[in-house]
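Engineer: here's a sequence, model it:
(one chain, ligands or ions: 1)
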Amino acid sequence: MGELAAPRKRFAIEPAALFGTNCPMDFDQFSHIDTWIFDLDNTLYPPKVRLFDQIEEKMRLFVSDFLDVSLEEADVFRAQYWRSHGTTLAGMMDQHAMPPEAFLHFVHDIDFSPLPHSAELSSLISALPGRKIVYTNGTEPYARQVLQARGLEQNFEAVYGIEHASYRPKPHAEAFAEVFARAAVTPHSAAMFEDDSRNLQVPAGLGMRTVYISPDRVAPDYVDAAHQDLEAFLSQLVAACFSKPSGRLHEAHGHI
Ligand SMILES: [Mg+2]
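Structural biologist: Numbers count the residues shown, from 1 in each chain. The predicted structure follows:
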């Protein structure tokens, strides 16, 4: 691995003292970022939507059928592979020679109607300077369906899925290396948003800024910023660093 990033101080952003005419110190670490990389599931939509519950249920059905075991036994295999391989898919491919295509198609064939449309999130992502990319352990076609349901399909210049990483999932370093090479990402001017803290360790080691989107009150040391809600975090970041003086966001926050 290349040069390690300098030691960093983790902080949880408090609601107070976030708005102002100057970029606060906590947000200044993002002022040089020109590439913004977003995980998809439970990051670009809130976990309360429980979209991933549908995928979980379809994964256990597929594993149960593929291994010819009960649903409960499939759960045991899946839990084991989540720990040992990062994902159900990686463990099933490695331990059972499962072909990925049929699995991925089956588990992503779900109901997208619970996803709320969010014009506000779209405008916040648009306000970030530079490139915006999605990188998910799902597939690109699935990610595009999620983005369409959220009203975010115009926000990203590229969407990368597990098929662009030779079916190796985050958090494996090889997966990040393949996708970041495809996307021509310069880590020292990039930031990554994730709800799974394991998937921020490699990006942090490469010198990227890392944002942990989670209700967890504790985050690993390699996390630069943590917030339970992406929209709220971006609202504060944009207002602090990237809002235009005559912009709608600035006007909205001027009343606070
Ligand atoms: Mg996720």
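Engineer: roughly how far apart are the residue of the chain found nearest the ion and Asp196?
Structural biologist: Residue of the chain nearest the ion, by Cβ to the ion: Asp41 (4.0 Å). Backbone N, C-alpha and C define where each C-beta goes, glycine included. Asp41 sits at a distance of 9 Å from Asp196 (criterion: Cβ to Cβ, to the nearest Å).
Engineer: what does Leu40 give?
Structural biologist: Per Cβ to Cβ, Leu40 is found 11 Å from Asp196.
Engineer: what do you get for Phe52?
Structural biologist: The gap separating Phe52 from Asp196 is 11 Å, by Cβ to Cβ.
Engineer: helix or strand for the closest residue to Ala173 other than its chain neighbours, which one?
Structural biologist: Closest residue to Ala173 apart from its sequence neighbours, by Cβ to Cβ, 6 or more residues apart in numbering: Val202 at 5.0 Å. Assigned by DSSP states H and E, Val202 belongs to helix 201-205.
Engineer: list the buried residues for that helix?
Structural biologist: Gln201, Val202, Pro203, Ala204, Gly205 (16 or more other Cβ atoms under 10 Å).
Engineer: one more: stretch 128-142?
Structural biologist: Leu128, Arg131, Lys132, Ile133, Val134, Tyr135, Thr136, Asn137, Gly138, Thr139, Glu140, Tyr142.
Engineer: could you count how many residues lie near the residue nearest to the first one when sequence neighbours are not counted?
Structural biologist: What that stands for is Leu128. In this structure, Leu128 finds its nearest non-sequential neighbour in Trp36, 5.2 Å apart by Cβ to Cβ, 6+ apart. Neighbourhood size, Trp36 [other Cβ atoms under 10 Å]: 23.
Engineer: same thing with the one 5 residues further on?
Structural biologist: In terms of burial, Asp41 registers 19 neighbours under the definition other Cβ under 10 Å.
Engineer: one more: the one 10 residues further on?
Structural biologist: Around Leu51 sit 22 other residues, with neighbours defined as other Cβ under 10 Å.
Engineer: hmm, Asp41 and it touching each other?
Structural biologist: Yes: between Leu51 and Asp41 there is a contact under Cβ atoms under 8 Å: 6.9 Å.
Engineer: show me the common contact partners of these two, please.
Structural biologist: Taking Cβ atoms under 8 Å, 6 or more residues apart in numbering as the contact definition, Leu51 and Asp41 share the neighbouring residues Val146.
Engineer: helices of this protein, start to end?
Structural biologist: In the chain, the helices defined using DSSP state H lie at 25-28, 51-67, 71-85, 88-96, 100-107, 119-127, 140-150, 173-182, 201-205, 230-237, 248-253.
Engineer: those into TSV, with extra columns for mean pLDDT and distance to the ion?
Structural biologist: Converted to TSV, the helices of the chain look like this (pLDDT from 0 to 100; distance: least, Cβ to the ion, whole Å):
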stretch	mean pLDDT	distance to the ion
helix 25-28	78	23
helix 51-67	96	8
helix 71-85	95	13
helix 88-96	95	14
helix 100-107	96	14
helix 119-127	97	16
helix 140-150	98	11
helix 173-182	98	14
helix 201-205	98	14
helix 230-237	95	11
helix 248-253	48	26
